[in-house]
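Pasting the sequence and the predicted coordinates here, then a few questions.
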Amino acid sequence: MSQQLKTYEEKMQKTVNTLLDEFNTIRVGRANPHVLDRISVDYYGTPTPVVQVGNVSIPEARMLVIQPWDGTMLKLIEKAINESDLGINPSNDGKVIRLVFPELTEDRRKELTKETKKKGENAKVAIRNIRRDAIDAFKKAQKANEITEDELKSVEDGVQKLTDKFVSEIDRHIENKNKEILSV
């Protein structure tokens, strides 16, 4: 029984991890190499993440520098960044690409907090769907006489405790991300 609960706990943890990955791609006015995670370039016919075709460094708080290992990749990286939803124009000096992150306006910060809350709510919905699937599976097992009614009640309590734990964890992550976004 606890092994089956473990399966649902792992699914809930994956949901939280996915949310944290999404939060990493939200631009907060400071240089963060994770904003490049979703940007790929065509590297000899293979879509390759930008972070895998060069060295990404942060020389200043609001600047990322991408130094490709292959000089021919400069134009491709610049093009991929321009075509992405990053909203930053790269500057190419022939050796490296610089991304300067502008200060966020108050309105943009508020938009980002709304986006963060929305992503968090979607993650909570996913957690609740996992809870529903778990309870349905255990009810079917009880109807098939694989578990007793007492075991079903115990498992339902366990699933609810897991759900509460992960929902509160998501709330904590939303709060932390919003503090990060709103701090100037």
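Perfect, I can see it now.

what are the ranges of the helices in this protein?
Remark: helices assigned in the chain by DSSP state H are 2-24, 74-83, 106-143, 149-182.

buried set for the longest one?
For helix 106-143, the neighbour count (16 or more other Cβ atoms under 10 Å) marks 108-109, 112-113, 116, 119-120, 123-124, 126-127, 130-131, 134-135, 138, 141-142 as buried. The C-beta positions use only the backbone N, C-alpha and C, and glycine is treated the same way.

Equivalent analysis for the first one, please.
Applying a neighbour-count criterion of 16+ other Cβ under 10 Å, the buried positions in helix 2-24 are 4, 5, 8, 9, 11, 12, 15, 16, 19, 22, 23.

counting contacts, what elements does it pack onto?
Contacts defined by 3 or more Cβ pairs under 8 Å, 6 or more residues apart in numbering; DSSP states H and E place helix 2-24 against helix 106-143, helix 149-182.

How about the shortest one?
For helix 74-83, the helices and strands in contact under the criterion 3+ Cβ pairs under 8 Å, 6+ apart are strand 40-43, strand 63-68, strand 91-92, strand 97-100.

As CSV, these with mean neighbour count and mean pLDDT would be great.
Below are the helices and strands packed on helix 74-83 laid out as CSV (neighbours: other Cβ atoms under 10 Å; pLDDT from 0 to 100):
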stretch, mean neighbour count, mean pLDDT
strand 40-43, 17, 84
strand 63-68, 18, 87
strand 91-92, 12, 86
strand 97-100, 18, 86
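
Just put those strands in a markdown table and tack on distance to residue 83.
Output for the helices and strands packed on helix 74-83, formatted as a markdown table (distance: least, Cβ to Cβ, whole Å):
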| stretch | distance to residue 83 |
| --- | --- |
| strand 40-43 | 10 |
| strand 63-68 | 15 |
| strand 91-92 | 15 |
| strand 97-100 | 14 |
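
thinking again about what came up before, wait, which of the helices of the chain is closest to residue 45?
Residue 45 lies closest to helix 74-83 among the helices of the chain, at 11.9 Å (Cβ to Cβ).

Could you check the angle that closest one makes with strand 63-68?
Angle, helix 74-83 to strand 63-68, by axes from the mean of the first three to the mean of the last three Cα atoms, to 10 degrees: 140 degrees.

in helix 74-83, what's buried?
74, 76, 77, 78, 80, 81.

rewinding a little: and the helices and strands packed on helix 74-83: which comes nearest residue 32?
Using Cβ to Cβ, the nearest of the helices and strands packed on helix 74-83 to residue 32 is strand 63-68, at 8.0 Å.

Residue 177: how many residues sit nearby?
24 (other Cβ atoms under 10 Å).

what about it, distance to residue 171?
From residue 177 across to residue 171, the span is 11 Å (Cβ to Cβ, to the nearest Å).

pLDDT weak spots in this structure?
With pLDDT under 70 as the threshold, the chain has low-confidence stretches at 1, 27-29, 184.
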